[in-house]
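>>> Let's see this in three dimensions:
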Amino acid sequence: TTHDNRVTVRSVCVMLERKMMINKLRGFQGNNWTPFHAASIPTVGIQQYLCRFLQYARANEEQLVSSLIYLERFLENSESSLDVLSVHRLALIALVTACKYTNDNPYNNSFYARIGGLPVPELNSLELVFLSSLQFELYIHPKTYQQSYDRLVGLSSKMNTTYYCYETDKA
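Residues are numbered from 1 along each chain as shown. A predicted model of the protein is given here:
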């Protein structure tokens, strides 16, 4: 696979940023406080946050795409909205979910909590809320996955620059 056809962290971030902008324009921002909302805007941007997770959890492209699908499902089935106060925690829990579902030997929640900067009990609680909203249904039909992947690749190909988390991605 060439880098031009790869889903990048940047394309996922653009998707998340678009969803946040739509919510802001619709007046959803900050209207529904949920456990996923932080008390203040995180100092680390979502792109850097995702890269940190991907690097330390050794998450792959499939897990990144799957996490976006889970996040979209969650937002459809819950009162939560995606905004600057919730995007980090929602992305973290979606990634943790994708990693656990696709790995035979996933890391434990104390490891994921350390990467995400949350206390373990809070991560556990958010994970339960997230999974309950999904009704614990994590299977992604191959067609659904391919559509999401193609959407992200299409977005990535339209961007002038590609952002990679690590220098080795550029090789």
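>>> Excluding chain neighbours, what is closest to Leu126?
Ile93 (5.0 Å; CB to CB, 6 or more residues apart in numbering). All C-beta spots, glycine's among them, are computed from the backbone N, C-alpha and C.
>>> tell me which residues of the helix or strand hosting the one you found are tucked away?
Here Ile93 sits within helix 87-102, counting by DSSP states H and E. Within helix 87-102, the residues that count as buried by 16 or more other CB atoms under 10 Å are 87-100.
>>> now do stretch 121-136
Leu123, Leu126, Glu127, Val129, Phe130, Leu131, Ser133, Leu134.
>>> Relative to Gln47, how far out is Arg18?
Distance from Arg18 to Gln47, counting by CB to CB, to the nearest Å: 14 Å.
>>> quick one, which of those two is more surrounded?
Gln47 (18 against 12; other CB atoms under 10 Å).
>>> hang on, the earlier thing: model confidence score at the residue nearest to Leu126, please.
We have a pLDDT of 97 for Ile93.
>>> That one against Asn124, yeah?
No. Under the criterion of CB atoms under 8 Å, Ile93 makes no contact with Asn124, lying 10.3 Å away.
>>> Now Glu122. Nearest residue, chain neighbours left out?
The nearest residue in space to Glu122 (CB to CB, 6+ apart) is Ala113, at 7.6 Å.
>>> number of nearby residues for the one you found?
When neighbours are counted by other CB under 10 Å, Ala113 comes out with 21.
>>> what element comes up after the helix or strand where it lies heading to the C-terminus?
Element membership for Ala113 (DSSP H and E) is helix 109-116. Using DSSP H and E, the helix or strand that follows helix 109-116 towards the C-terminus is helix 120-133.
>>> re the thing from before, mind putting the buried residues of stretch 121-136 in CSV, pLDDT included?
Formatted as CSV, the buried residues of stretch 121-136 follow (pLDDT from 0 to 100):
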residue, pLDDT
Leu123, 96
Leu126, 96
Glu127, 97
Val129, 95
Phe130, 96
Leu131, 96
Ser133, 94
Leu134, 96
